[in-house]
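Trainee: Just need the structure, nothing else, for what follows:
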Amino acid sequence: MSAIRVTSIPRPFPAVLAALALCSACGNTTHAPAPAAAAPAAQARAFDVVIANGRVVDGTGAPWFRADIGISGDRITAVGNLSSARAGTRIDAAGQVVAPGFIDLLGQSEFNVLVDSRAASKVTQGVTTEITGEGVSIAPVNDAMKADRKASYDFFKIAQDWRTLDEYFARLTRSTTAINVGTFVGSGGLRDYVVGKEDRVATADELARMKTLVSEAMAQGALGLSSSLQYIPNRFSTTDELVELAKVAAEHGGIYITHQRSEANKVFESVDEVLAIAERADIPAEIWHLKTAYKANWGKMTEVLRRIDAARARGLRVSANIYPYDRASNGLDACLPVWVREGGTDAMLKRLQEPDTRARVKRDMDDPNAPFENQWFGSGGPAGVMLSSVLDPALRKYEGMSFDAIGKAMGKDPRDAAIDLVIADKAESSVIISIMRESDVIEAMRTPWVSFDTDSGARAEDGPLSVSKSHPRAWGTFTRVLGKYVRQDGVLTLEEAVRKMTSQAAIRVGITDRGLVRPGMMADLVVFDPATVADVATFEQPNRYSTGVRHVFVNGKAVVANGTVTKERPGRTLRGPGYRGER
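Mentor: Next up, the predicted model:
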């Protein structure tokens, strides 16, 4: 079992710079030429691995070409005709596609990989690198924040033995994982660290402290600043506060990435806020899991995309990503109004015990004009909200049921059932909510600057992460794109889909040594059957691995071989451009 080696993101090789400059992720559609055949000297070399006879889709968006790929150590060292080369392992990829490993722009596995290092639901769909840290990142944390997370950590028997991002990366290095992991520092976590969970403006001293924490996290390897403005305490941040924090991230070469403040009734204003932060802080910006949520807002994707296109035309570096499903997933407590959640879990649970408070909560849940992202009402009420996972085993019998059904099973109003489950599971439950329209998802998917994320932590069919259900996006986001939207529906070409999953994602977060099939790049590669690759996870039965992915390499080691997850754990921590540790 190979240990994670902590690595900074290096300066790209000249050839890679040229390829990235041609890459259509930057907005043009010029195709980079296929690599020339390997020189005679390369034929005589010995490689650790040769992947032979595959259809190479190199990540630039260029048409596929036939070539062999040579791996030496952790890097791609040759692309061309290697039929006479010696190899420790030779894989015949005839009839298969060979592509760069897929990059999940919001993977949410920073905790899960400590529980189960295989990251099995990710590698079996071709994911080799995961980006995480949505709004509240895994570090930095203080005693109060560690106490908030204690239930989950204790349940999975994970010691919270870090406070800083550096210490978390060190822990991940010791525990090892199959995938590469990079993270943003979350503005909501910084606010929790300094201000707490109260709805108020940060003082000048508190803002200065948060800016110091951003600087420290960037120096320790954060990729930039994130926010998740629909949730507490993120939503209490003002635009001015976010601009000031983003300026610090920009000074260290980072980007701003966000779950924007509204994905529903105020989606236009929310997009405008993202654009304002990008412009005022002079920082690239990315919108996580772009959507237009709830029936009243279906069809607004056209205007959302138009506004971002206009901003890009005037020079703002703004892009987005999506997951290819029409249902989302959140904590069950997010179905409750913001005011009852203010102050954190303990304060919320205490309030929910009060009859008058409960009555007000239930009224707000059914209010179409409630002044918060009302996901209960927006999902069409209890029929559109399905309990997907719980922490308490005694509640597991309700997983996979809508709240219509749960209410009937409990003999109570579905809203009371939801409130009681929040209390019983101490706000650890998750739900799947029916809030999107597929045509809006497809419109975003076709947009050149939109890439992909799972917005879900890694799971497995067995082991500690198999006991609860989840959203199928954790199991099949990338294979769903390749099987349904490329092969079946023709929404994207194969080459364009792979570009979005690889080089475009790498460029967006500043990774310069992954995302392309080029000599000198890290050997993160996926081999899949274009005729059979597919997602098989469903909302009712999500815990099922994708099919058609035959081999996956991370840093030159096979984490999937002949469709089976191996014991290799070669993943590395990916540090951002501001990293000041050992090179």
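Trainee: Please count neighbours and contacts with C-alpha atoms only from this point.
Mentor: Will do.
Trainee: tell me the phi and psi of the nearest residue to residue 375 once chain neighbours are set aside?
Mentor: If the residues on either side of it in the chain are set aside, residue 375 comes closest to residue 335, at 5.5 Å by C-alpha to C-alpha, 6 or more residues apart in numbering. The phi/psi pair for residue 335 (degrees, to the nearest 10) reads phi -80, psi -10.
Trainee: Tell me, how many residues neighbour the nearest residue to residue 343 once chain neighbours are set aside?
Mentor: Ranked by C-alpha to C-alpha, 6+ apart and with sequence neighbours excluded, the top spatial neighbour of residue 343 is residue 197, at 4.6 Å. Counted by other C-alpha atoms under 10 Å, the residues lying close to residue 197 total 21.
Trainee: what about the helices in the stretch 1-150 of the chain?
Mentor: Residue ranges of the helices in the stretch 1-150 of the chain, as given by DSSP state H, counting those that start in this stretch, are 14-22, 40-44, 112-115, 120-123, 143-148, 150-155.
Trainee: which one of the ones you listed has the lowest average pLDDT?
Mentor: Mean pLDDT is lowest for helix 14-22 among the helices of the stretch 1-150 of the chain, at a mean of 42.
Trainee: who are the neighbours in contact with the residue nearest the centre of the chain?
Mentor: The central residue of the chain, meaning the one whose C-alpha is nearest the mean C-alpha position (C-alpha atoms, centre = their mean), is residue 106 at 1.0 Å. Each residue near residue 106 by C-alpha atoms under 8 Å, 6 or more residues apart in numbering is listed here: 130-134, 288, 453-456.
Trainee: and residue 319, how many neighbours does it have?
Mentor: Counted with other C-alpha under 10 Å, the burial measure for residue 319 works out to 25 neighbours.
Trainee: Quick check, it in contact with residue 288.
Mentor: No: taking contacts as C-alpha atoms under 8 Å, residue 319 lies outside contact range of residue 288: 9.1 Å.
Trainee: Residue 440 touches residue 290, doesn't it?
Mentor: No: the pair formed by residue 440 and residue 290 falls short of the contact definition of C-alpha under 8 Å, at 10.0 Å.
Trainee: which strand in the chain runs the most residues?
Mentor: Taking residue count as the measure and DSSP state E as the definition, the longest strand of the chain comes out as strand 46-56.
Trainee: Please compare residue 440 and residue 290 by neighbour count and tell me which comes out ahead.
Mentor: For residue 440 and residue 290, the more surrounded residue by other C-alpha under 10 Å is residue 290, and the numbers stand at 28 against 19.
Trainee: The residue nearest to the centre of the chain and residue 419, how far apart?
Mentor: When distance is defined by C-alpha to C-alpha, to the nearest Å, residue 106 is 29 Å away from residue 419.
Trainee: do the same with residue 502
Mentor: Noted for residue 502: a distance of 41 Å to residue 419, by C-alpha to C-alpha.
Trainee: For the two, work out which one has more neighbours and name it.
Mentor: Between residue 502 and residue 419, counting by other C-alpha under 10 Å, residue 502 is the more crowded of the two (32 against 21).
Trainee: Phi and psi next, for that one.
Mentor: Torsion angles at residue 502 (phi, psi; degrees, to the nearest 10) stand at phi -130, psi -90.
Trainee: isn't it right next to residue 59, touching?
Mentor: Yes: the criterion here is C-alpha under 8 Å, and residue 502 meets it with residue 59 at 5.8 Å.
Trainee: Now the common contact residues for those two.
Mentor: Residues touching both residue 502 and residue 59 (C-alpha under 8 Å, 6+ apart): 100, 515-516.
Trainee: Which single one of those is nearest to residue 492?
Mentor: For residue 492, the closest of these turns out to be residue 100, at 17.5 Å, with distances computed as C-alpha to C-alpha.
Trainee: May I have the beta-bridge partners of that closest one?
Mentor: Beta-bridge pairing for residue 100 (DSSP bridges): residue 525.
Trainee: Neighbours of residue 161, how many?
Mentor: Here the neighbour count serves as a burial measure; for residue 161 (other C-alpha under 10 Å) it reads 10.
Trainee: Need the three-state assignment for it.
Mentor: In three-state terms, and counting by DSSP: H, G, I helix; E, B strand; the rest coil, residue 161 is coil.
Trainee: State the distance from it to residue 569.
Mentor: When residue 161 is compared with residue 569 (using C-alpha to C-alpha), they lie 21 Å apart.
Trainee: Over to residue 488?
Mentor: 34 Å.
Trainee: Tell me which of these two has more neighbours.
Mentor: Neighbours per residue, other C-alpha under 10 Å: of residue 488 and residue 569, the larger number sits with residue 569, 24 against 12.
Trainee: my guess is the more buried one meets residue 178, correct?
Mentor: Yes: in this structure, residue 569 sits in contact with residue 178. The criterion is C-alpha under 8 Å, and the distance is 4.1 Å.
Trainee: Common neighbours of those two, please.
Mentor: Between them, residue 569 and residue 178 share the neighbouring residues 117-118, 559, with contact defined by C-alpha under 8 Å, 6+ apart.
Trainee: Can you tell me which of those residues has the most neighbours?
Mentor: Of all these, the most densely surrounded is residue 559 (29 neighbours; neighbours counted as other C-alpha under 10 Å).
Trainee: can I get the CA coordinates of the helix or strand hosting it in CSV?
Mentor: Secondary structure assignment for residue 559, by DSSP states H and E: strand 557-561. As requested, C-alpha coordinates have been extracted for strand 557-561 and formatted as CSV (Å, rounded to 0.1, in the frame of the first residue of the first chain):
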residue,chain,number,x,y,z
LYS,A,557,-1.0,2.8,-9.7
ALA,A,558,-4.1,0.8,-10.6
VAL,A,559,-6.9,1.5,-8.2
VAL,A,560,-9.4,-0.3,-10.4
ALA,A,561,-8.1,-3.3,-12.4
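Trainee: mean confidence for that strand?
Mentor: For strand 557-561, the per-residue pLDDT averages 99.
Trainee: Quick one: mean pLDDT over stretch 457-468.
Mentor: Mean predicted confidence for stretch 457-468 is 96.
Trainee: That stretch: how far from the chain's middle?
Mentor: Relative to the centre of its chain, stretch 457-468 is centred 17 Å away, using C-alpha atoms, centre = their mean, to the nearest Å.
Trainee: in that stretch, what counts as buried?
Mentor: Buried residues in stretch 457-468, defined by neighbour count with 16 or more other C-alpha atoms under 10 Å: 457-460, 465, 467-468.
Trainee: And for it, what's in contact with it?
Mentor: 107-110, 112-113, 115-116, 119-122, 156, 388-391, 396, 399, 474-475, 543-545.
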